[in-house]
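[1] The sequence isn't on hand, but the structure is:
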């Protein structure tokens, strides 16, 4: 595990990773500052029939939607929803998956093994299929989207950590620690965890991009945040009935999704090169 | 010097662009291989012998720069020859290769016979110049030639003592031991009736007991066919066993060339003498060569051995010594050992 | 016989994982909701109707009994009844499956036939302009939301340029269904005009669906080829002087692909997940559109049926890919 400044410096040397970092920072800043930089914060949730479906202009940078809301402002506020969903979902997946992976990999107790078999079931099916079932059961809301994504994404972390721990257990320095009688809890937290941190960080960055795409798909299918929340996937879905006249309607949210996912993917690739050269293929999710 | 040698390398200089600068790996190397002769190219690892071998095979890495010198082969100037002629007439046809690592040389997913016949398809001595196809991927193996080529290959496999060659050809490389693979590779090197075989440390990866068998086989088959061999090795025992002449390289320069007997009994270059002294022998203690192999990024001026040489004088640092010597025993040293200096073989 | 052993080995893992998937769906649909029957009955059902349905479906029984019932039901091929179409979900899905398969296979063909050559070119010209361009494009291909790309392509090619149909599988009457694949059925019927119509309708959805898979294939082909180019046998083959294109496109590529062909199972995941949303944009009458309509109508049994169905198909495809992989690799099953 390298120190944070070293990692950042090496990351910035790689042009595409630096671009990814820049894109992520851009979206994060846009999300945080949305109330201040959006030109029409008042026209995000409200109905303004007079301004309905206006093409892009100086006043309406990316045009307006069927409610007369400013699409640019909605995209900015949508970044908050998207980032929040992805951060909480990936964070929860980490909190569930990493301890399970550590524990199952280390103890090899049957309960741990059983949990790994459960994770196999989730890994055997595309994430969105199970996420649809969960979101449909729970009903459309941001919380439920987050829940559906967390429940279906933790197995990726569990599987990754499990494999790393199993491999580490055979390393000499771990065997030596076991032989010296170091308590297992200390070995796992002080020796094992720092060694699996790199692949976890890489997977988390790529997982952010992947989760954002899945969340947008759920929103598009009508399983995301209910209207009038400015959720990008739903915005694109709404635009369909107004094509081809209002070509601008779907443009901005789609580009926003592209920018943020591209950012996390490039960042993940760069982090992988810097932190963990062994992980070659990044986009197996 | 050999009159009308098959292979004549003169003043060859090759450098590699690396992340740390330009490495001058070959610095004016001279070497000749006579027809039907076996030349051993001896030196420590990193002295440039593999680069030399690859230069003759024209498979240098893309970051290699040929800075000067010539490679003449059977009347052709290889470095000036058009790429297409080099690829079709010389490479793999008149000059073939026995690699160092028999385990890695075969693609594990293709049958040995298919891999060998693929080479035959393009490099068979029976291939007619008018044979044309639709590019490399769609060209078919002419039926009649396939049959004769395959028969010739099977006869050759019998000679290299591969049991049941017909069935061996249908097997994957994984079915063969290292020694058997090296026999297959020797057959591959011989099957195009080449004039010269480049053997790059051909037995290093093998068991000591098998090494001798493989070397004897290679020597016998080459002699029967009048094929020349340029054999690189860091193992003086290997050189002694099969070579007619030996050239010693040090840090990218050739320092001494001698018939094999004279080489072992009357070394003249101080480096050669020290190399022989480093061999284990019951008669005396092993002496290491003091100092370190120089960096090729900033090699010493003049004779590259002078920083480690006890006979070195100011002129050694100023310029590289010219060739001297007689009767095929050539040394490049300002202060060579006299012929009387005895070293036990 | 080796094939049988391989299949047996894979089935050994397949059966418990499939059973696990069903248990997970059971948990989601019967344990999580406060009243699963109310979900199945739909929003308009009265209290009394719900109670009748509860007894009819056996959901008044203890959960373990329900789980056993659920397995028994699924073994009979019963995925429940759709509230909206009032037909068995399994029948609806089965009728729509060929459309999804046709779309997925078409996308896979596009992705493989373009992606593999591009990956090889990217690897053999490493760090060239082409390589950099392809690498950027492949990251971008994975970052585009497929439903958005579908809309943009529709907007461009159907609405503005009018060169390709907007949605659906065919214009006018479809040919007599033999295989269920519209393009093939049209050929069987000997109707060239029907075939071109079906192909034109297939083009946009298949291209959209192919984009992320294409990006993935370029990436792993490039990685595989680069990895293989560093192996000693490539060096040796170069020294034998056989044509360089042959070394790359025949020998290196085979190695690169066998080491990554298991990724094709993963690709089907990407394609299937993509099909669910892309089909709805193009009104492609496959199982994805079915799922979308079921979501729209709060047709709970249909959504759950879709989950089991799609999950099962995906696992079957992976099973097939594993077996095929074992057959391609002459060294025998790697696992």
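    Looks like it arrived, so ask away. The model shown is predicted, which means the values in this text are computed figures rather than measured ones.
[2] Tell me, how many residues neighbour residue 253?
    Picking chain A for this. Residue A:253 sits with 31 neighbouring residues when counted by other CB atoms under 10 Å in any protein chain shown. For every residue, glycine as well, the C-beta is placed using N, CA and C.
[3] The intended chain is chain B.
    Around residue B:253 there are 24 other residues, counting by other CB under 10 Å.
[4] can you pull the pLDDT of residue B:194?
    Looking at residue B:194, its pLDDT is 95.
[5] Just grab the bridge partners of the closest residue to it other than its chain neighbours for me.
    In space, not counting the residues next to it along the chain, residue B:194 is nearest to residue B:96; the distance is 4.4 Å by CB to CB, 6 or more residues apart in numbering or on different chains. With DSSP bridges as the criterion, residue B:96 is bridged to residue B:197.
[6] quick one: residue B:96 from chain A, how far?
    From residue B:96 across to chain A, the span is 35 Å (CB to the nearest CB, to the nearest Å).
[7] How much space separates the residue of the stretch 51-200 of chain B found nearest chain C from chain A?
    The minimum distance from the stretch 51-200 of chain B to chain C, using CB to the nearest CB, falls at residue B:92 (2.6 Å). Distance, residue B:92 to chain A, by CB to the nearest CB: 33 Å.
[8] How about residue B:217?
    Using CB to the nearest CB, one gets 41 Å for the distance from residue B:217 to chain A.
[9] what does residue B:75 give?
    In terms of CB to the nearest CB, residue B:75 sits 48 Å off from chain A.
[10] give the contact list for residue B:181.
    Residue B:181 makes contacts with B:102-103, B:105-106, B:173, as judged by CB atoms under 8 Å, 6 or more residues apart in numbering or on different chains.
[11] Need phi/psi at residue 126.
    If you meant another chain, say so; for now it's chain A. Per-residue torsions, residue A:126: phi -60, psi 140 (degrees, to the nearest 10).
[12] please go with chain C instead
    phi -50, psi 140.
[13] Doesn't residue B:32 belong to a strand?
    Yes: assessed by DSSP: H, G, I helix; E, B strand; the rest coil, residue B:32 belongs to a strand.
[14] So what pairs up with it in the strands?
    residue B:8.
[15] Surely residue B:230 is in a strand?
    Yes: counting by three-state DSSP, residue B:230 is part of a strand.
[16] how near is it to chain C?
    Distance from residue B:230 to chain C, counting by CB to the nearest CB: 13 Å.
[17] which residues touch that residue?
    Contact partners of residue B:230, counting by CB under 8 Å, 6+ apart, are B:7, B:31, B:33, B:39, B:41, B:53, B:56, B:196-199.
[18] residue ranges for the strands of the chain, please.
    Assuming you mean chain A. Per DSSP state E, chain A carries no strands over any range.
[19] Could you list the low-pLDDT ranges of it?
    Chain A contains residues with pLDDT under 70 at A:1-2, A:43-44, A:276-285.
[20] now the strands for the stretch 151-300 of chain B?
    Counting by DSSP state E, counting those that start in this stretch, the stretch 151-300 of chain B has strands at residues B:196-200, B:228-233, B:245-250, B:253-259.
[21] Paired strands for the third one, with orientation please.
    Pointing back at strand B:245-250 there. strand B:38-42 (parallel), strand B:253-259 (antiparallel).
[22] Need the residues that contact that strand.
    Residues contacting strand B:245-250 (CB under 8 Å, 6+ apart): B:29, B:31, B:37-44, B:47-49, B:52, B:239, B:254-260, B:263, B:269, B:271-272, B:275, B:304-305, B:328.
[23] Is residue B:59 part of a helix or strand, or is it coil?
    Three-state assignment for residue B:59 (three-state DSSP): coil.
[24] contacting residues around it?
    Residues near residue B:59 by CB under 8 Å, 6+ apart: B:91, C:235, C:238-239.
[25] Can I get the buried part of these as one PyMOL selection?
    This is how PyMOL selects the buried members of the contacts of residue B:59, with burial counted by 16 or more other CB atoms under 10 Å in any protein chain shown:
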select buried, (chain B and resi 91) or (chain C and resi 235+238+239)
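[26] Take the contacts of residue B:59 and write them to JSON lines, including secondary structure and distance to residue B:161.
    Formatted as JSON lines, those follow (DSSP: H, G, I helix; E, B strand; the rest coil; distance: CB to CB, whole Å):
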{"residue": "B:91", "secondary structure": "strand", "distance to residue B:161": "28"}
{"residue": "C:235", "secondary structure": "helix", "distance to residue B:161": "26"}
{"residue": "C:238", "secondary structure": "helix", "distance to residue B:161": "28"}
{"residue": "C:239", "secondary structure": "helix", "distance to residue B:161": "24"}
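[27] and of the contacts of residue B:230, the nearest to residue A:147?
    Residue A:147 lies nearest to residue B:53 out of those, by CB to CB, at 64.6 Å.
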